[in-house]
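Asks: Output the structure for:
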Amino acid sequence: MKKKIIFFLTLFLLTAFSAMPQDAKTDTQDEQKDGDAWDFFLLPLLETVFSGNINWCPDWPADIPPDAFLTDGNRKARIIELSNEADTFLLRRNSEGRLLEFPFFYKYGYAKVTAVYSASGCVSAMTVSIKNFASQDGGEQAEEETWDINFSADFLPYSELSTGGSFPPVTVTSGDTVYFVFFFESPAFLTETWYDKDGNMLVFCKAPVYVENGAWRITSMQIFESPDPRFIDYFYDSYGNISQVHSDDSVLSAIFTENRPVFWQDTDLQYEFQWDNRRVLSVTRASGETEDLFTEYRYEYQFDSFGNWIKRSETAYRIQFGLLTPQPLYSRGAWNRRIVFEADGG
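Replies: Got it, this is the predicted structure:
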């Protein structure tokens, strides 16, 4: 009986959205440029929050070190601060290992996230500052939007606290704009539905999941914001790394050795990662369809007393006159890391 209720509720939401008249569109939708799509959802963000980990994925930006938030040994870092001349990304955990602050990278940009938890361990609020890389194509400064998100009590999908079914609405505020987001939990999938303050549906997302050892992972996202749905599919390797991300306009893939990528196929380039015996990235080779796209990046490091790198300097090499020569103009600069473990204090 419960499965029938779930099925008919999902069918109702899909039918209602497909039948929404054109004049019911909101100002938010009208202001979007032709071809723009709703590209940021809370479900992948919540998956990261509840897992407590930030793992490299094939849709990350190319200039972010793939081991930026990895450390050696069994101790989990309480703070990792990654910075260069342009930006700073902070990972911060509380004493229970929950993420209090972290960056979230995705195909079209990144977000800086802070999270607040209740005494039961449920997320009660988040602040999400979203930056869109697409606005930088012409040298323009990245667009930024901040969302203040308030969750209902005991919001912890697939846990002992959750009874399944519908959760109370989540409120998302951005400046003077208010959204209401409804989540629905079934044994096989989660849904995320956005409404404006007048009750008009903006977008519906269904995400099949698999649950293992109390954790849940998204396997795909089916996005309905027009008569033609969009799909994003995620594939995992035996270590739980996301090895492929399929969307309507691209296929991104990677091969890992445990949790470190050794090969990455981006939209236009493919990358080979060479790791030394300390599990530190020593060389990255980027190549495309023509020889002039080949770039080799070599790295030099400074390390802390635990063997974790705290500064990475990069030198770029390209082929010129048939020789592989240093090309400083193609270097993406240096990265610095500040790492604090639980026993370190500070």
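
Asks: Name the residues of stretch 175-191 that are buried.
Replies: Within stretch 175-191, the residues scored as buried using 16 or more other CB atoms under 10 Å are 179, 181, 182, 183, 184, 185, 186, 189, 190, 191. The C-beta positions use only the backbone N, C-alpha and C, and glycine is treated the same way.

Asks: what are the bridge partners for the fifth one, then?
Replies: On the basis of DSSP bridges, residue 184 takes part in beta bridges with residue 166, residue 191.

Asks: now swap in the first one and tell me
Replies: Note on residue 179: beta-bridge partners by DSSP bridges are residue 172, residue 196.

Asks: hang on, it packs against residue 193?
Replies: No: using CB atoms under 8 Å, residue 179 is not in contact with residue 193; the gap is 10.4 Å.

Asks: For residue 170, give me its contacts.
Replies: Under the criterion of CB atoms under 8 Å, 6 or more residues apart in numbering, the neighbours of residue 170 are 42, 149, 150, 151, 152, 155, 180, 181, 182, 183.

Asks: ok, now residue 243?
Replies: 58, 235, 236, 237, 253, 254, 255, 256.

Asks: Would you check how far apart it and residue 255 are?
Replies: Residue 243 is 7 Å from residue 255, where distance means CB to CB, to the nearest Å.

Asks: cool, residue 278 as well?
Replies: Per CB to CB, residue 278 is found 21 Å from residue 255.

Asks: returning to that earlier point: can you say which of the contacts of residue 243 are buried?
Replies: Buried among the contacts of residue 243 (16+ other CB under 10 Å): 58, 253, 254, 256.

Asks: now the last one, nearest residue through space, not along the chain?
Replies: Meaning residue 256. Leaving aside its chain neighbours, residue 256 sits nearest to residue 241 (4.6 Å; criterion: CB to CB, 6 or more residues apart in numbering).

Asks: Isn't that neighbour up against residue 254?
Replies: Yes: proximity of residue 241 to residue 254 meets the contact threshold set by CB under 8 Å, at 7.4 Å.

Asks: Now do the shared contacts for the two.
Replies: residue 261.

Asks: So, low pLDDT: which residues of the stretch 1-150 of the chain?
Replies: 1-37, 74, 132-143 (pLDDT under 70).

Asks: got the residue ranges for the helices in the stretch 51-200 of the chain?
Replies: Counting by DSSP state H, counting those that start in this stretch, no segments of the stretch 51-200 of the chain form helices.

Asks: got the phi/psi numbers for the closest residue to residue 250 other than its chain neighbours?
Replies: Closest residue to residue 250 apart from its sequence neighbours, by CB to CB, 6+ apart: residue 267 at 5.0 Å. Here is the backbone geometry of residue 267 (degrees, to the nearest 10): phi -60, psi -50.

Asks: Spit out the contact partners of residue 195.
Replies: 179, 180, 181, 182, 201, 202.

Asks: Please report how far it lies from residue 128.
Replies: 18 Å.

Asks: Could you check how many residues crowd around residue 203?
Replies: The local packing of residue 203 (other CB atoms under 10 Å) involves 19 other residues.

Asks: Fine by me, thanks again.
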